[in-house]
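[1] sequence first, then the predicted structure:
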Amino acid sequence: MSKKTFLSRRRFVKTTGVFCASLAGAGALSACASEAAVEPAPEPKTQTDPEPASSPEAAPEPEATPETDSEPTTAGESVLVAYFSYPETTASSDPNNLTEEEENSAVVVDGQIKGNNEFMADIIARETGADTFRILTTRSYPTDHEGLIAQAQDEINAGDRPDLAETIPDLSQYDTVFIGYPIWWAELPPIMHSFLEQADLAGKQIYLFNSHGGSGNAGTKEEIQSILSDATVSDDNFVVSRDSVANSEQDLVDWVHGLGF
């Protein structure tokens with residue numbers, strides 16, 4: 001997939017498809033919009049390391065050169081961004097006149113409404129050349145805030161594992177997986193448990209990104225590491241308030257580059 005021309009300007013909009021909301025202790029929730037399952041990676045970044053030169057058999061060995069920082073060893077095709085996203089918007093939502101709850105859960109990019117974690121996933125994929133996988137559920141959710149947070153609380157309290165609407169792609173082709181989600185009631189959304197328990201992520205390097213309404217990471221890094229006991233979950237993850245998602249692009253880019261991409 002060709003790299004997208006992305007965000008010539010950012011428009012701040014506070015955070016149908018499926019669900020990626022950010023929910024905090026007072027019941028505030030921020031969500032993200034839907035899209036197809038696996039998208040092909042953008043064209044990989046140009047590699048600048050030259051091919052090793054060969055020399056005639058009789059030629060003297062070249063002088064050793066000092067070590068320098070190398071290009072990231074993770075190629076674009078070996079990175080996946082998997083994320084859960086569902087905004088409190090409808091097909092008739094006006095990008096120029098969103099309600100307060102719609103603004104809390106979405107970002108407007110070039111007139112298109114994107115959920116908070118969808119917005120971040122797109123930036124990560126652009127910077128790493130990754131494929132993307134939208135975590136979808138077969139369940140439908142209300143788009144009114146009160147109904148949405150009530151259903152979220154019921155699912156969490158019941159320990160639900162909603163069905164995935166899309167088949168998880170073959171993960172053997174990926175070395176690194178970025179996983180994005182909102183925080184609901186200071187917990188992982190139940191659909192994230194469904195994904196994490198079904199996905200074969202053994203041996204993968206995992207980086208997390210999430211949006212929240214005040215509870216921060218809420219211990220989800222440790223929870224995910226306990227589920228993915230055979231993977232390596234980084235301590236260096238991107239955590240952002242739903243109120244700041246629309247202004248977070250440069251911080252997100254700096255984070256991704258700081259990981260070596």
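    Noted; the coordinates are in hand.
[2] all strands of the stretch 101-250 of the chain, in order?
    With DSSP state E, counting those that start in this stretch, the ranges of strands along the stretch 101-250 of the chain come out as 106-109, 112-115, 131-135, 176-182, 205-212, 232-233, 238-241.
[3] identify the residue nearest Arg161 in space, chain neighbours excluded?
    Once flanking residues are discounted, Arg161 sits nearest to Ser194: 4.7 Å by CB to CB, 6 or more residues apart in numbering. The way it works is simple: take the backbone N, C-alpha and C, and place the C-beta from them, glycine included.
[4] dump the residue contacts of the residue nearest to Met120 when sequence neighbours are not counted.
    Using CB to CB, 6+ apart and skipping residues adjacent in sequence, the residue nearest Met120 is Phe209, 5.5 Å away. Phe209 makes contacts with 83, 117, 120-121, 124, 178-180, 237-240, 252, as judged by CB atoms under 8 Å, 6 or more residues apart in numbering.
[5] swap in 6 Å and give it another go.
    Met120, Gly180, Phe238 (CB atoms under 6 Å, 6 or more residues apart in numbering).
[6] now do Ile206
    Contacts of Ile206 by CB under 6 Å, 6+ apart are Val177, Ala231, Val233.
[7] for this protein, what helix or strand is lowest in average pLDDT?
    Confidence across the helices and strands of the chain bottoms out at strand 22-23, with a mean of 38, counting by mean pLDDT, DSSP states H and E.
[8] distance of Met256 relative to Glu249?
    Rather than Met, residue 256 is Val. Applying CB to CB, to the nearest Å, the value for Val256 to Glu249 is 11 Å.
[9] point out where the stretch 51-200 of the chain drops to low pLDDT.
    Residues of the stretch 51-200 of the chain that meet the criterion pLDDT under 70 lie in 51-77.
[10] repeat that for 50
    For the stretch 51-200 of the chain, applying pLDDT under 50 flags the ranges 51-76.
[11] lovely, talk soon.
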